[in-house]
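A.B. asks: Need coordinates for the below:
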Amino acid sequence: MAKRYLDPKADLTFKRVFGEHPDLVISLLNALLPFQTKEEEIQSVEYLTPFHAPDNLFFNENVVNVKCTNNNGSHFFVQIQTFWAPSFSLHVKPNSSKAYISKLGKRIGMNYQEPVFSLNLVREIVDADVDNYYHFYDIVQDDLTERIIDNFHLVFVELPKFTPHTMNEKKMQVLWLRYLTEIDGYMETVPQELLDIPEINKAMEVVEESAYTPEQLLGYDKFWDIIRTENTLYNSGVRQGMEKGRLEGREEGRLEGMELGVQKGRKEGREEGQKDEKIANARKMKSYGLALEMISDITGLTIDEVRDL
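C.D. replies: Take a look at the predicted model:
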């Protein structure tokens, strides 16, 4: 009987693979972080918020935080998270800032600050105008752009843009990204070149369907139902926004008051219907446990409106 492998990008599986196996997270980080020398590579990690994947995990923060020690003996922090593109602005800034501020709070009064990396694995395309899938950012001061904040670094990997052209350069980066993109919940035959790598072979075993309880598999399926709902509602909201813009543009050109009044009445009627639909969708997402900020971003309702539903 063929094995079935779950998608490692789901909340449940991602935390099981990278939140419970230090050797796997070390291999992933050494492959994806912008290290230039062997001395910079990670030798050991310590989980900052230890956890075990719960039986019925729907929508907790999909984040793994680790304190790393490299081959030089230096320490730094890494936050790893995976999400789809429309929730990009909601997840990256708050979570990265939280990790950074938390670290700084423990270092007040000391003469040094340990660096923080935020590694973000994005399941959708963020910037369609750029071909590269890998983006590395430093933070600069608004009024002095040449002044870089050395201790805070952001890495974004747009997974849909990744294509494994060659494995000659950054072989482990290619193989880990193949694991994250090709193992999609439907694959039954795993490419041998992935199984030949001990770390990825182990990561495959972690996402075997047989390793999960029925309750966990129910949570896994519910997770993807929520993602599909978010995606549909987001795309619907974009289309509605474009249609509203076209309506407003046409209305500005109306010169006759009567016709303008009729159009305005129709528009108000449509907006009332759209508002009712947004409220219904927001109630559904709220029942799934989505964050209020995410529901607000997707539906266009205010956070207070969502909270009062």
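
A.B. asks: Mind naming the longest strand for the protein?
C.D. replies: strand 148-158 (DSSP state E).

A.B. asks: Indicate each strand paired with it and its parallel or antiparallel sense.
C.D. replies: Sheet pairing of strand 148-158 (DSSP bridges) gives strand 116-122 (parallel), strand 134-140 (antiparallel).

A.B. asks: and among these, the most buried is which?
C.D. replies: Mean neighbour count (mean count of other Cβ atoms under 10 Å) peaks for strand 116-122 among those, with a mean of 22. To be clear about C-beta, it is placed using only N, CA and C from the backbone, and glycine gets the same treatment.

A.B. asks: model confidence over it, on average?
C.D. replies: The average pLDDT within strand 116-122 is 86.

A.B. asks: Number the residues from 724 up from this point.
C.D. replies: Yep, numbering from 724; the last one is strand 839-845 now.

A.B. asks: Which secondary structure element of this protein has the lowest mean pLDDT?
C.D. replies: The weakest-scoring helix or strand in the chain, judged by mean pLDDT, DSSP states H and E, is helix 811-829 (a mean of 49).

A.B. asks: quick one: contacts for Thr736?
C.D. replies: Listed by Cβ atoms under 8 Å, 6 or more residues apart in numbering, the contact partners of Thr736 are Leu729, Asp730, Val929, Val930, Tyr943.

A.B. asks: How about Ile1002, nearest residue that isn't a chain neighbour?
C.D. replies: Setting aside the residues directly before and after it, Ile1002 is nearest to Leu1032 in space (Cβ to Cβ, 6 or more residues apart in numbering), at 6.6 Å.

A.B. asks: and the one you found, how many neighbours does it have?
C.D. replies: By other Cβ atoms under 10 Å, the residues close to Leu1032 number 14.

A.B. asks: Kindly report the same for Asn874.
C.D. replies: 19.

A.B. asks: sorry, back to before: buried sites along whichever helix or strand comes after the longest strand of the chain?
C.D. replies: Once strand 871-881 ends, the next helix or strand along the chain (criterion: DSSP states H and E) is helix 894-905. In terms of neighbour count (16 or more other Cβ atoms under 10 Å), helix 894-905 has its buried residues at Met895, Gln896, Val897, Leu898, Trp899, Leu900, Arg901, Tyr902, Leu903, Thr904.

A.B. asks: Stretch 928-947 too?
C.D. replies: Residues of stretch 928-947 classed as buried by neighbour count (16+ other Cβ under 10 Å): Val929, Val930, Tyr935, Gln939, Gly942, Tyr943, Lys945, Phe946.
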